[in-house]
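[1] just coords:
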């Protein structure tokens, strides 16, 4: 099993040492560090970007072994899926210091063995195909290069703790490199990292992208943006800075020397990936307007920036040091992702970027998402976290019926836990204090991972002791599929959950559809629905309703004219054969909720509500 060193505190190299290293030859294109007993140096070329191949060389000096194993990770921390990056390696060769070829062969799907025969140094070269538009792989075309470290850089088994340098060789005309890696002074193309783990935690953007630099509390921050977008730069920078300032104020610590947002603008899709001193954000280029879309952008920024505290530094014991060769299981993603999801809205509200009404509505939407997911009755939060590798990151047509999101339900548990702690301490403490306590103990003092019992202990300590309500939140709603007693906790703030009742005279079928060219296909069948009961299947192509051919538009229009209890005759094509299925429609279920004030809130409830929803300027 390969274990990699973790990212701890920011490390600064003294200037005299840097000068000594430079004089020793660190700046040479293919020469490694020589001041240390072991040095590992990477070169990355992109000679023909339109062909989507990176050329990589790794020079290992100070290691004399009969064989050396070079390992390609199979996953990226923060994205819990085995992605088999080695499949994109199309060439692998090795030479010794005299340029003689050394034999190489595979010993596992992602491990290449070099017969070094004691030679020192050893240099390997390989090519990586790079045309993955997601944030979890590499991308290279004639406009820009994006490097996701684990999918490009192999490590030397047994020496991943060693310091590394990386020289980037940009394509002609590419003048900008944006990354969280530390630059070596005097050379704009040379970077260093104290360990392999730090290297691959710093994604790299290369090209002619736009860069906006700004300071928060005297610390440099950067927005590096690929592509044109419908944003106003001055407002964008100001709002991102407010998010950063508000998050720093919560944790009362700035654990990085500089921070970079890498923003990849595309046609559609919104996602992010957190790193210790950077984040990668994929967002629609037209997604900054109208205002509601802009709030989605701000939420993405707030979520990923919060992760540098919760997830990258404050982390479960299973998530660092990493084993890059297999799944790293944890039952705590509801804290890593769920708490972060909740705090994204909290940060936006405190920064004055969400109104009080928008903040409350955001929690109502999250609760609605949990309650309309049948899988909440099947999978617990802890199970959802553990099974992220085979469930959350591998969704299929049955996922809503069999799984629950540790993002949404985790955010709900965080919100209710926040309200409970505020109530239990008469407004003196909150979930903020839990986060600060854990951060101080497990990152700043010890730099180790926490266990579930540590989170429970911190909550009880901040709340003034254990309680049945805390037990319910941290045990029952995490480890079982029991329905959440929302009103019990919302009442602390003088609120209750109110269903948005659908039209009672519209029949319910229980399917989700998708259009494929001119075909109307069932994408999902909801559990306990008339569609499931009467045998409609995912991937059925819908041809007719009550004997009349339908399109996507008129199918829903005509179905909506039917009342609960009425019959609908649906003709489908399944595996090339037509069949007709008769379905009895049901009353529509509740799928959305609001948070509304209770009839007569007490002064204590009003005060707790006001403290909970207050922005930075009225706290």
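    On my side now, so go ahead. Every value quoted in this text rests on a predicted model; they were computed, and no experiment measured them. Numbering: from 1, shown residues only.

[2] When you work out contacts or count neighbours from here on, use the C-alpha atoms and nothing else.
    Noted.

[3] which residues of this protein score low on pLDDT?
    1-36, 616-619 (pLDDT under 70).

[4] Make sure I have this right: residue 474 is in a helix.
    Yes - counting by DSSP: H, G, I helix; E, B strand; the rest coil, residue 474 falls inside a helix.

[5] Quickly find the element holding the closest residue to it other than its chain neighbours.
    Excluding the flanking residues, the one nearest residue 474 by C-alpha to C-alpha, 6 or more residues apart in numbering is residue 456, at 6.9 Å. When elements are assigned from DSSP states H and E, residue 456 belongs to helix 452-463.

[6] Give me the contact list for stretch 572-585.
    507-509, 530-531, 534-536, 539-544, 563-571 (C-alpha atoms under 8 Å, 6 or more residues apart in numbering).

[7] again, 10 Å this time
    Applying C-alpha atoms under 10 Å, 6 or more residues apart in numbering, the external contacts of stretch 572-585 come out as 506-510, 520-522, 529-547, 559, 562-571.

[8] likewise stretch 387-403?
    79-82, 327-331, 333, 372-381, 383-386, 404-406, 512, 522-528, 537-539.

[9] Just the endpoints, please. Distance across stretch 70-79?
    From its first residue to its last, stretch 70-79 covers 23 Å (C-alpha to C-alpha, to the nearest Å).

[10] And that stretch, how far out from the chain middle?
    15 Å (C-alpha atoms, centre = their mean, to the nearest Å).

[11] Can you list the buried residues in it?
    By 16 or more other C-alpha atoms under 10 Å, the buried positions in stretch 70-79 come out as 70-79.

[12] Out of the contacts of stretch 572-585, which end up buried?
    Judged by 16+ other C-alpha under 10 Å, buried ones among the contacts of stretch 572-585: 506-510, 520-522, 529-532, 536-546, 559, 562-564, 568, 570-571.

[13] Next, check those against the strands and list the overlap.
    520-522, 541-545, 568, 570-571 (DSSP state E).

[14] For residue 491, state which of the residues you listed is nearest.
    Checking those against residue 491 by C-alpha to C-alpha gives residue 522 as the nearest, at 40.5 Å.

[15] That closest one contacts residue 542, doesn't it?
    Yes - shown here, residue 522 and residue 542 form a contact pair, counting by C-alpha atoms under 10 Å, at 7.2 Å.

[16] can you list residues touching both of these two?
    513, 536, 572.

[17] tell me the contacts of the second one?
    Residue 536 sits next to 509-511, 522, 524-525, 530, 542, 570-572, 574, 580-583 when contact means C-alpha under 10 Å, 6+ apart.

[18] quick one, domains of the protein?
    What automatic domain parsing lists as the domains of the chain is 15-208, 329-501+598-612, 511-584.

[19] For the second one, what is the distance to the chain centroid?
    This points to domain 329-501+598-612. On the basis of C-alpha atoms, centre = their mean, domain 329-501+598-612 sits 18 Å off its chain's mean C-alpha point.

[20] show me the contacts for the residue nearest to residue 474.
    Residue 456 neighbours (C-alpha under 10 Å, 6+ apart): 434, 466, 470-471, 473-475.

[21] What is the three-state secondary structure of residue 334?
    Residue 334 - assigned by three-state DSSP - is helix.

[22] Now do it: how many residues are near it, please.
    28 (other C-alpha atoms under 10 Å).

[23] was I right about it contacting residue 315?
    No - at 11.6 Å, residue 334 does not count as touching residue 315 under the criterion of C-alpha under 10 Å.

[24] can you give me the end-to-end distance of stretch 323-335?
    Stretch 323-335: ends 21 Å apart by C-alpha to C-alpha.

[25] ok, and for that stretch, which residues are buried?
    Those would be 323-325, 328, 330-335, for stretch 323-335 by 16+ other C-alpha under 10 Å.

[26] just stretch 419-426 next, same as before
    419-424.

[27] Quick check: the farthest pair among those?
    419 and 424 (8.5 Å).

[28] quick one: common contacting residues for these two?
    Common neighbours of residue 419 and residue 424 (C-alpha under 10 Å, 6+ apart) are 430, 492.

[29] Would you map the helices across the stretch 351-500 of the chain?
    356-371, 381-386, 399-402, 408-424, 431-438, 452-463, 468-471, 477-479, 486-490 (DSSP state H, counting those that start in this stretch).

[30] Specify the angle between the fifth one and helix 408-424 in degrees.
    Yep, that's helix 431-438 we're talking about. 100 degrees (axes from the mean of the first three to the mean of the last three C-alpha atoms, to 10 degrees).

[31] Could you list every helix and strand that helix 431-438 packs against?
    Helix 431-438 sits against helix 233-251, helix 408-424, helix 452-463, with contacts defined as 3 or more C-alpha pairs under 10 Å, 6 or more residues apart in numbering; DSSP states H and E.

[32] Now the first one: buried residues?
    Judged by neighbour count using 16+ other C-alpha under 10 Å, the buried positions of helix 233-251 are 236-237, 239-248, 251.

[33] now those in TSV, with distance to residue 218?
    Shown next, in TSV, are the buried residues of helix 233-251 (distance: C-alpha to C-alpha, whole Å):
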residue	distance to residue 218
236	19
237	15
239	17
240	15
241	12
242	14
243	15
244	12
245	11
246	15
247	15
248	12
251	17
